[in-house]
Each structure stands twice: as structure tokens, then as C-alpha cells.
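Colleague: I need the structure of the sequence given here:
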Amino acid sequence: MGGLGKWLGGGLGFVMGGPIGALLGFLVGSVVDSTQGTSTTYSTSTARATTPGAFGVSLLVLISAVMKADGKVVKSELDYVKQFFVRQFGRESAVEATLMLKDFLKKEIPLQDVCQQISRSMDYSSRLQLLHLLFGVSMADGTPVQSEINIIEKISGYLAISASDFLSIKNMFVPETDSSYKILEIERSASDDEVKKAYRKMAMKYHPDKVAHLGEDYKKAADDKFKMVNAAYEKIKKERNLP
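Modeller: Numbering: from 1, shown residues only. Sure, this is the predicted structure:
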């Protein structure tokens, strides 16, 4: 994805001015990298079009808050994050991201201010993707931790994500009664036609193309969310013997 300057720029910006400052710092880092042969550039003229770097820095900051929710940092969570960034950006950038994360873990994160600044600068589909990835990190060791779920719910509210969308994504990782219906944001009492309409609506909301502006790698990561919607629909169809 890029060089060390981008990650360092994002980290410096966060210290100076919260998430918005992080994005500006990322841009400064990009300028540094451009002198080293990196051709990617970013513009501040389209603040609502979230860039991969802005998303990545925001993700790291929020991951650090989730990982500290239970008062300890589990190695499996660090490994999960590192593997995620390896898949997304390659091994070198994964090392840089992990180093930044370790620095964030040492800091007190003003969570509400951080989330509100992210919310103002990031489109809704990208925020949904952030939430999905945070649950993935929380479930890295296969066991849901209530303190982490609680902090993710708090983050969701601060990010201005609707309660129904939070419940939908939560049930992809922490199944509750009628979880398939909750993923589609409907009640079990919904008619067959309502089930089909709900599926089309959710499939559109969670389609990977919604985060295509983050780049091909993040679009691939969004496939998981889309597949979970399809799996929920298929389960309901099987229960109801729908064609």
C-alpha cells in the first residue's frame, strides 16, 4: 500500500489533532513517500470519500480501544490484526501497522471524540465496514468477550451507526435467538415477501461495491459481510421452504 511515511504521518496526525489530524498527517506522510518513488497521492478536497489510509489509521485507533476493553491485550488479537494487514497491504506495511497499533495501545484514547471525528469524515458504508472488522478482531480467539462487545456497541453509537445495523453485524459474529432474521433486520413474523425485500435491501447495503473507494483489498474484506447476509437468507429460505 505504501511506505513507512504514511503510517508515521497518520500516527503523528492523530497525536496532534485526533482522527482528522491523523488523516492530514497521513497526507503529509504520502508526500514524504512520493519523494521515494511512491506515485499514490491523496486530496483533501473530497473529505467524504474515505481513502484507504484514512480508513486504516481509524481502524488501528479503534482496534486499540477494543483490545484494551478487558484490561489485557491477547496475543491472538495482535496476531489477527497483523495477519489482516498482511493480507491487505503486504508484510512490510503489516509490520508498520502493528508498530503503530502497539503505540496506540500505550495511549489513552478519547473514544467519543475520536469516533465523532471519524463519523464526520467517513462515509456510512465505510463505518459499517469498520464495525465489522472490529467484531472480527474481538472474536479472534473464538470466544466473545462481553467487555469488548460493550465497547464496540459504544463505538457504534458514537459513529452514528443505527441500532438495527449494529444488531445485524453483531449477529454475524455473536448469534442470538433468530440471528438470521436480525442480520436481515426483520422479525421472524415477517412475511415471505418481506423476507425477500429485506434480503435485497441488505445485500445492497453490504455489497462490496459500497466500499470500492477504499481500494480492491478492502473491497475483498467486505466480501465476508456480504456472504454472511447470503448465508442468513439461505437459512431462512430453507426453514420456510422458499424457492
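Colleague: Identify the residues contacting residue 127.
Modeller: 118-119, 159-161 (C-beta atoms under 8 Å, 6 or more residues apart in numbering). Every C-beta, even on glycine, is put in place using the N, C-alpha and C of the backbone.
Colleague: give me the low-pLDDT residue ranges for the protein?
Modeller: Flagging of the chain using pLDDT under 70 yields the residue ranges 1-49, 88-89.
Colleague: give me the number of residues near residue 126?
Modeller: 26 (other C-beta atoms under 10 Å).
Colleague: same question but for residue 175, I mixed them up
Modeller: Number of residues near residue 175 (other C-beta under 10 Å) recorded here: 13.
Colleague: now swap in residue 188 and tell me
Modeller: 12.
Colleague: Numbering from 263 from now on, please.
Modeller: New numbering, starting at 263: the last item is residue 450.
Colleague: ok, and the residue nearest the centre of the chain, which helix or strand is that part of?
Modeller: Compute the mean C-alpha point of the chain, and by C-alpha atoms, centre = their mean the closest residue is residue 392, 1.6 Å away. Using DSSP states H and E, residue 392 sits in helix 386-400.
Colleague: Same check on residue 449?
Modeller: Residue 449 belongs to no helix or strand, assigned by DSSP H and E.
Colleague: Burial check on it, number of neighbours?
Modeller: Neighbour tally, residue 449, other C-beta under 10 Å: 11.
Colleague: What spatial separation is found between the closest residue to it other than its chain neighbours and residue 498?
Modeller: Nearest residue to residue 449 in three dimensions, chain neighbours excluded: residue 443, at 6.3 Å (C-beta to C-beta, 6 or more residues apart in numbering). Between residue 443 and residue 498 the computed distance is 7 Å (C-beta to C-beta, to the nearest Å).
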